[in-house]
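Peer 1: When you get a sec, could you give me coordinates for this:
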Amino acid sequence: MGNNPKISIITVSFNAVKVIEETIVSVINQTYTNVEYIIIDGGSTDGTVDIIKEYADKISYWVSESDKGIYDAMNKGGIKALGDFLYFLNAGDSFYNKSSLMSVVKEMELNGNIDVYLGNVICSFRNVLMGVVKAGSLVTAWYTPPHQGMFIKRALFVNMLYGCSYRLLGDREFLLRLRYERNALFKIIDVVVSEYDLGGLSSSRQNSLILFREAKSLAKKYDGNYMYNSCYQYFKALLKYMSSYLISDNLYFRILYFRAK
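Peer 2: Predicted structure coming up:
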């Protein structure tokens, strides 16, 4: 990748009036300027579109229309984009600081022809910092590096796209196809890219068993130790699900990220 790559930042939103402005501002305040900004809204009715319109002169393209779910909306944004790399920063998430994008681009300029860059994210819950999540390994059937730290070469993305049959793990299924079927080149970079809100669907403990079922279907294809790992992962998911009835989200995340330190 040459100097000064163009980055397409894509925000997906739906009825996000309380959080969309923070996301938009974090994008338009970036010091790196070779950027296009795309917002794909799912037909919000709560005032989200009014906020988007306030920043229309800072947005390269936006649309508000119904879609078939988050991965369909992300695909729409990726297809519309013209940049060298795609970065998805959805409503409620924000860049870590004003120079986050510049730090990532410096890594791109140093590391040559990489297809997917995996950076770090800070996790918070109800505006309380919980910890830093690092892209500790490449994608597996049981693990997805946080997409809020991920930059994907656009040319690869538009030929693959997210699978919309997965409710929560469409990004994992996509990355597994990239890794095992396209032999894409991944690079882990030690850069904190964004702040991620743990209040989303994939972080909800009550969705743990749904996550397990989707991961299990991926493991059948991509995990050589499928039977052994499935048993272990099932008990982890079950314990996580049961904990949602025993302790608060705030306490759970504090314990989880204290252990991760």
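
Peer 1: Might one say that Ala73 is in contact with Gly42?
Peer 2: Yes. Applying C-beta atoms under 8 Å as the test, Ala73 and Gly42 come out as touching, 5.9 Å apart. All C-beta atoms are positioned from the backbone trio N, CA, C, and that covers glycine.

Peer 1: any residues in contact with both of these two?
Peer 2: By C-beta atoms under 8 Å, 6 or more residues apart in numbering, Ala73 and Gly42 have these common neighbours: 12, 14, 67.

Peer 1: quick one, helices of the stretch 1-150 of the chain?
Peer 2: Residue ranges of the helices in the stretch 1-150 of the chain, as given by DSSP state H, counting those that start in this stretch, are 20-28, 48-54, 70-80, 100-111.

Peer 1: could these go into JSON lines alongside distance to Pro146 and mean neighbour count?
Peer 2: Converted to JSON lines, the helices of the stretch 1-150 of the chain look like this (distance: least, C-beta to C-beta, whole Å; neighbours: other C-beta atoms under 10 Å):
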{"stretch": "helix 20-28", "distance to Pro146": "16", "mean neighbour count": "19"}
{"stretch": "helix 48-54", "distance to Pro146": "24", "mean neighbour count": "17"}
{"stretch": "helix 70-80", "distance to Pro146": "15", "mean neighbour count": "21"}
{"stretch": "helix 100-111", "distance to Pro146": "14", "mean neighbour count": "18"}
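
Peer 1: To Ile210, which of those helices lies closest?
Peer 2: Each of these has some distance to Ile210 by C-beta to C-beta; the shortest is helix 70-80, at 14.1 Å.

Peer 1: contacting residues around the closest residue to Phe14 other than its chain neighbours?
Peer 2: Distances taken as C-beta to C-beta, 6 or more residues apart in numbering place Gly42 nearest to Phe14, at 3.7 Å, with adjacent residues excluded. Going by C-beta under 8 Å, 6+ apart, Gly42 touches 12-15, 64-67, 73.

Peer 1: what would those look like in JSON lines with pLDDT and distance to Leu209?
Peer 2: Output for these, formatted as JSON lines (pLDDT from 0 to 100; distance: C-beta to C-beta, whole Å):
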{"residue": "Val12", "pLDDT": "98", "distance to Leu209": "25"}
{"residue": "Ser13", "pLDDT": "97", "distance to Leu209": "27"}
{"residue": "Phe14", "pLDDT": "96", "distance to Leu209": "24"}
{"residue": "Asn15", "pLDDT": "96", "distance to Leu209": "26"}
{"residue": "Ser64", "pLDDT": "98", "distance to Leu209": "33"}
{"residue": "Glu65", "pLDDT": "98", "distance to Leu209": "32"}
{"residue": "Ser66", "pLDDT": "95", "distance to Leu209": "28"}
{"residue": "Asp67", "pLDDT": "94", "distance to Leu209": "26"}
{"residue": "Ala73", "pLDDT": "97", "distance to Leu209": "25"}
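
Peer 1: Tell me which of these fall in strands.
Peer 2: Counting by DSSP state E, the contacts of Gly42 place 12-13, 64 in strands.

Peer 1: Any of these buried? List them.
Peer 2: In the ones in strands among the contacts of Gly42, burial by neighbour count holds for 12-13, 64, counting by 16 or more other C-beta atoms under 10 Å.

Peer 1: May I see those organised as CSV, with distance to Asn120 added?
Peer 2: Formatted as CSV, those follow (distance: C-beta to C-beta, whole Å):
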residue, distance to Asn120
Val12, 21
Ser13, 24
Ser64, 32
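
Peer 1: Tell me the one of the residues you listed nearest Arg179?
Peer 2: Val12 (23.4 Å).

Peer 1: The closest one: what's it in contact with?
Peer 2: Val12 neighbours (C-beta under 8 Å, 6+ apart): 39-42, 70, 73-74, 77, 88, 90-91.

Peer 1: quick one: which of those is nearest Tyr226?
Peer 2: Comparing the contacts of Val12 against Tyr226 with C-beta to C-beta places Ile70 closest, at 27.0 Å.

Peer 1: So the closest residue to the closest one other than its chain neighbours versus Gly77, what's the distance?
Peer 2: Nearest residue to Ile70, sequence neighbours excluded (C-beta to C-beta, 6+ apart): Val12, at 5.9 Å. Relative to Gly77, Val12 is positioned 7 Å away (C-beta to C-beta, to the nearest Å).
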